[in-house]
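Chemist: Would you be able to build a 3D model of this:
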Amino acid sequence: MIPSRPRIRPLSFALATLFASASVLADDLVLQRVLVEGSRMSQLGIADSANAGTVGQKELAARTAYRPGEMLEAMPGLIASQHSGEGKANQFYLRGFNLDHGTDLATWVDGMPVNQRSHAHGQGWTDVNFLIPELVGRLDYRKGPYSARDGDFASAGSAEISYANRLVKDVASATLGQDGFRRAMLAGSPELAGGTLLYALELMDNDGPWTRPDDYRKRNGLLRYSRGYTNNGWSVTAMAYRGTWNATDQIPLRAVEDGSLGRFDAIDDSDGGSARRYSLSGIWRQTGAESSSKLSAYVIRNQLDLFSNFTYFMNDPVNGDQFAQPDRRVTSGLDATQTWHLHRGETMASDLTVGARLQNDNIYNGLYDTRARQRLSTTREDHVVETSGGLFIESATRWNKAVRTMMGVRADRYRFDVESDLAANTGRAHDTQLSPSFSLILAPFASTEFYLNYGHGFHSNDARGTVAAIDPATLYPLERAPGLVRSRGMELGLRTEAIPKMQTAVSLYRLDFDSELTYIGDAGMTEAGDASRRTGIEFSHYWRPLKWLALDFDAAYARARSRNGDRIPGAVEGVGQLALTVDKLGPWSGALRLRYFGPRPLIEDNSVRSQGSATLNGRVGYKIGKDLQLELEAFNLANRRDSAIDYYYASQLAGELSPRDDIHFHPIEPRSFRLTLTKTW
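Modeler: Below is the predicted model of the structure:
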């Protein structure tokens, strides 16, 4: 049952390369932010809440990330985890939510939505494995439904990742690590025909510590042509990503405790998947003294084949419970905003912004019973066309030096068209929502701001749940779900830089949802829940006592309850991060980051809880020369045997006579190291 250890296969990485010098341009506004020296960018006078911020390229590069999804942990209070193979979308936790694979965390990359609606496996599926960290210019984040610009999935938070149009220097890197990790990356931005051609190629292999290797194979590329600058110019971008992997899904604790299963073993060795993503997008911006305009459009082709087995032999003692969830979709969209800059007197100024967002998803997905990735039977097949349109107007006004406001309203309309293999689950539905928001910012002191925020948001439910009348697995009748579920949030916050070289933010929030209705992809049905409420407090602190030393600390605690008083399974409670970063210490640089992921209720009555986990990651970099650097990254330095994720449900192993309720967990990876050589020119 236990496969042999992987054979070491050479990776034909083509770093043909370290080409001759190319001219470097640093006039792009993204790069101007990247090149700012000293402390983290101040948000005083910019942010409209205590929980909004921008993380620049230098700060992102200083972080030690085991996987691309952990880049989003630069948003204070957010945890990115994994319960399967590395190619699968991450699990996310934020503000009292188990966000599953991205529900209620709106994620954008260069103007394109990452969340996938009405997905075969999870609503709002967010797969960021196509990210190339070296290209990221900045990460902008917000938490809570306090901006009319944000729409679907943004109630807990939103993150927008922007790639730079130009690199400060062309770059090539090669990484070798334990557990079969190999990565090569090449990127450059030469001038071409009056503009800039940005190119990047990433190749990565990773087996992981698993008894049956992950065998994750990533091939990733980007090509962009741009003219002008970030706020006055245009760009056209093509991206392509392909990943394949095996999966070591969560395993039952009882099997590890009785010695029949090792921590890094799997029960169904044929679990795994493959993903492809291809996109073509364009952005045009024009900025003047009186107004600014932005227009973006995109077409994205996503394909996923996913094979999972979470209950083992509970439903089929002979063939096992593996199921397949293929998803094929083309997502197209258009976003437009127009802002007028209005000035009244010496101290009063206002920005009035109107915007529109159109999106269409043409989706084919299904749910099948399989064995060793071979189809045995069909539970359901669906063709979904989901179309949405949103309009918003937002006014940001500086009344005087001490008072600012932001007022907005957003209107969204969704149309769901489902053609199912079961006639009773075929139909059309639509839903609309009006979402107002208001923020008051008081700045009685030059270095301190107070925030009051209130707003409405929403997340869309799976289109299939809005029309389904019958559970395709049991043929029992179903209650149809609303298309859009409203959220209401309010928050009090404080941000101060009163102490030199320190930035501190604290916020107290409440977020209500009309229902926890979600589509349960593993079962192929919609599951209804009660209305919910989350309250919490967040703290973020950054200190740069010396030019070469920075410390940052953030912590968050949330209380999540259904309105009937029950706990919400998997809802995150306490999290925290403590980091120390060293740079400009001669040729040396480095960082240490301690991450705490607190215990969580695993069932409604709180009688079963997960254990907390703590991981310590670090890196040390040394500049061999002006354009050559060697970096050593270390993960789980304390070699803790914690869980990356925990669930509680019933499963049945081979040889067991009946199902058993148990904790099922996915372990964090043991201590490992990666060595990277980077050349710039």
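Chemist: hang on, P444 packs against A402?
Modeler: Yes - using Cβ atoms under 8 Å, P444 makes contact with A402 at a distance of 5.7 Å. C-betas here are computed from N, CA, C, even on glycine.
Chemist: So these two - more neighbours on which side?
Modeler: Between P444 and A402, counted using other Cβ atoms under 10 Å, A402 has the larger neighbour count: 14 against 10.
Chemist: so who does the more buried one touch?
Modeler: L442, A443, P444 (Cβ atoms under 8 Å, 6 or more residues apart in numbering).
Chemist: Now do the SS call for the first one.
Modeler: On the three-state scheme (DSSP: H, G, I helix; E, B strand; the rest coil), L442 is labelled strand.
Chemist: For it, the count of nearby residues, please.
Modeler: 14.
Chemist: do the same with N617
Modeler: For N617, using other Cβ under 10 Å, the count is 20.
Chemist: For beta bridges, what are the partners of it?
Modeler: R593 (DSSP bridges).
Chemist: Please verify my assumption that it contacts R595.
Modeler: Yes - applying Cβ under 8 Å as the test, N617 and R595 come out as touching, 7.4 Å apart.
Chemist: hang on, the earlier thing: generate a markdown table for the contacts of A402, with distance to N165 and pLDDT as supplementary columns.
Modeler: Below are the contacts of A402 laid out as a markdown table (distance: Cβ to Cβ, whole Å; pLDDT from 0 to 100):
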| residue | distance to N165 | pLDDT |
| --- | --- | --- |
| L442 | 37 | 97 |
| A443 | 33 | 95 |
| P444 | 39 | 94 |
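Chemist: for the stretch 151-300 of the chain, what spans make up the strands?
Modeler: For the stretch 151-300 of the chain, the strands defined by DSSP state E, counting those that start in this stretch occupy 157-163, 171-177, 181-188, 191-192, 195-206, 216-228, 233-246, 251-252, 272-287, 291-308.
Chemist: any idea which of the ones you listed is most buried?
Modeler: Comparing these by mean neighbour count (mean count of other Cβ atoms under 10 Å), strand 251-252 comes out on top with a mean of 26.
Chemist: List the pairing partners of it within its sheet, with orientation.
Modeler: Strand 251-252 has these strand partners (DSSP bridges): strand 660-667 (antiparallel).
Chemist: Rounded mean pLDDT for the following helix or strand past the strand it pairs with, please.
Modeler: The C-terminal neighbour of strand 660-667 among helices and strands, as given by DSSP states H and E, is strand 672-680. Strand 672-680 shows a mean pLDDT of 97 in the predicted model.
Chemist: May I see the buried residues of strand 672-680?
Modeler: S672, R674, T676, T678, K679, T680 (16 or more other Cβ atoms under 10 Å).
Chemist: who's in contact with that strand?
Modeler: 18, 169-179, 181, 183, 209, 627-636.
Chemist: can we see that at 6 Å?
Modeler: Identification of contacts with strand 672-680 by Cβ atoms under 6 Å, 6 or more residues apart in numbering yields 18, 169, 171-179, 181, 627-635.
Chemist: Walking through the stretch 451-600 of the chain, point out its helices one by one.
Modeler: Taking DSSP state H, counting those that start in this stretch to define them, one finds helices in the stretch 451-600 of the chain at 463-467.
Chemist: where in it is pLDDT low?
Modeler: Residues of the stretch 451-600 of the chain meeting the criterion pLDDT under 70: 517-528.
Chemist: what about the strands in it?
Modeler: Going by DSSP E, counting those that start in this stretch, the stretch 451-600 of the chain shows strands at 484-496, 502-513, 518-520, 525-527, 532-546, 549-562, 574-585, 588-597.
Chemist: need these in JSON lines with mean neighbour count, can you?
Modeler: Below are the strands of the stretch 451-600 of the chain laid out as JSON lines (neighbours: other Cβ atoms under 10 Å):
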{"stretch": "strand 484-496", "mean neighbour count": "20"}
{"stretch": "strand 502-513", "mean neighbour count": "21"}
{"stretch": "strand 518-520", "mean neighbour count": "21"}
{"stretch": "strand 525-527", "mean neighbour count": "19"}
{"stretch": "strand 532-546", "mean neighbour count": "18"}
{"stretch": "strand 549-562", "mean neighbour count": "19"}
{"stretch": "strand 574-585", "mean neighbour count": "17"}
{"stretch": "strand 588-597", "mean neighbour count": "18"}
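Chemist: of those, which approaches I363 most closely?
Modeler: With Cβ to Cβ as the criterion, I363 lies closest to strand 518-520 of these, at 12.5 Å.
Chemist: Confirm that A424 sits in a helix.
Modeler: Yes - according to three-state DSSP, A424 belongs to a helix.
Chemist: Do I have it right that it meets D471?
Modeler: No - using Cβ atoms under 6 Å, A424 is not in contact with D471; the gap is 10.0 Å.
Chemist: Tell me which of the two has more neighbours.
Modeler: Shown here are A424 and D471; by other Cβ under 10 Å, D471 has more neighbours (18 against 14).
Chemist: so how far is T379 from the more buried one?
Modeler: Computed as Cβ to Cβ, to the nearest Å, the D471 to T379 distance reads 10 Å.
Chemist: Q503 now?
Modeler: Taking Cβ to Cβ, one finds Q503 at 52 Å from T379.
Chemist: same thing with G408?
Modeler: According to Cβ to Cβ, G408 and T379 sit 42 Å apart.
Chemist: could I have stretch 304-318 exported to PDB, CA atoms only?
Modeler: Provided in PDB are the C-alpha atoms of stretch 304-318 (Å, rounded to 0.1, in the frame of the first residue of the first chain):
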ATOM      1  CA  LEU A 304      -9.500  21.800 -13.300                       C
ATOM      2  CA  ASP A 305      -9.600  18.100 -12.800                       C
ATOM      3  CA  LEU A 306      -9.700  17.200  -9.100                       C
ATOM      4  CA  PHE A 307      -9.900  13.800  -7.500                       C
ATOM      5  CA  SER A 308     -10.600  13.500  -3.700                       C
ATOM      6  CA  ASN A 309     -11.500  10.900  -1.100                       C
ATOM      7  CA  PHE A 310     -12.300  12.300   2.300                       C
ATOM      8  CA  THR A 311     -14.500   9.400   3.700                       C
ATOM      9  CA  TYR A 312     -12.400   6.500   2.300                       C
ATOM     10  CA  PHE A 313     -14.800   3.500   2.300                       C
ATOM     11  CA  MET A 314     -17.900   4.900   4.100                       C
ATOM     12  CA  ASN A 315     -20.200   5.000   1.100                       C
ATOM     13  CA  ASP A 316     -18.700   2.200  -1.000                       C
ATOM     14  CA  PRO A 317     -16.800  -0.500   0.900                       C
ATOM     15  CA  VAL A 318     -15.600  -2.100  -2.300                       C
END
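Chemist: so what's the nearest residue to G111 once chain neighbours are set aside up against?
Modeler: Spatial nearest neighbour of G111, excluding adjacent residues (Cβ to Cβ, 6 or more residues apart in numbering): S296 at 4.0 Å. Taking Cβ under 6 Å, 6+ apart, we find S296 in contact with G111, I283, D335.
Chemist: returning to what we had before: with distance to S42 and mean pLDDT added, can I get the strands of the stretch 151-300 of the chain in CSV?
Modeler: Output for these, formatted as CSV (distance: least, Cβ to Cβ, whole Å; pLDDT from 0 to 100):
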stretch, distance to S42, mean pLDDT
strand 157-163, 19, 96
strand 171-177, 28, 97
strand 181-188, 30, 98
strand 191-192, 33, 95
strand 195-206, 29, 97
strand 216-228, 27, 97
strand 233-246, 26, 97
strand 251-252, 47, 96
strand 272-287, 22, 97
strand 291-308, 22, 97
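Chemist: and those as a markdown table, adding distance to S395?
Modeler: Formatted as a markdown table, those follow (distance: least, Cβ to Cβ, whole Å):
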| stretch | distance to S395 |
| --- | --- |
| strand 157-163 | 20 |
| strand 171-177 | 42 |
| strand 181-188 | 40 |
| strand 191-192 | 40 |
| strand 195-206 | 35 |
| strand 216-228 | 28 |
| strand 233-246 | 27 |
| strand 251-252 | 53 |
| strand 272-287 | 19 |
| strand 291-308 | 14 |
